[in-house]
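[1] could you look at this predicted model? Sequence included:
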Amino acid sequence: MEWGDDPRVERELMRREWHRNEMDTEVWVHKFPDVSFTDKVCVEFGDGSARVFKHLYHDDSELHEVDWQQVVAVYEV
């Protein structure tokens, strides 16, 4: 049996992915509790750059790619 065929490995990988996503979610929810993250937000970074995320009610996967330690402000737009 290959390691990729082991259902225990697959379950562990899924558990880790779920945990990573859950931890990412906790970061932005806890760091910016007054922002709903349900439609459109502007995220400002410590280097002065900013990025607008739209249509979060459909898909918030882009928020998982943000380095939340570098974020200084978030507001709804």
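    That came through, no problem.
[2] which residue is nearest the centroid of this protein?
    The chain has residue 64 as the residue nearest its centroid, 2.4 Å off, counting by C-alpha atoms, centre = their mean.
[3] which of the three states applies to that one?
    helix (DSSP: H, G, I helix; E, B strand; the rest coil).
[4] what does stretch 53-60 contact?
    37, 38, 39, 40, 41, 42, 43, 62, 63 (C-beta atoms under 8 Å, 6 or more residues apart in numbering). From N, CA and C alone the C-beta is placed, and that goes for glycine too.
[5] just the buried ones from those, in PyMOL syntax?
    For the buried members of the contacts of stretch 53-60, the matching PyMOL selection, counting by 16 or more other C-beta atoms under 10 Å, is:
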select buried, resi 37+41+43+63
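[6] from the contacts of stretch 53-60, which land in strands?
    41, 42, 43 (DSSP state E).
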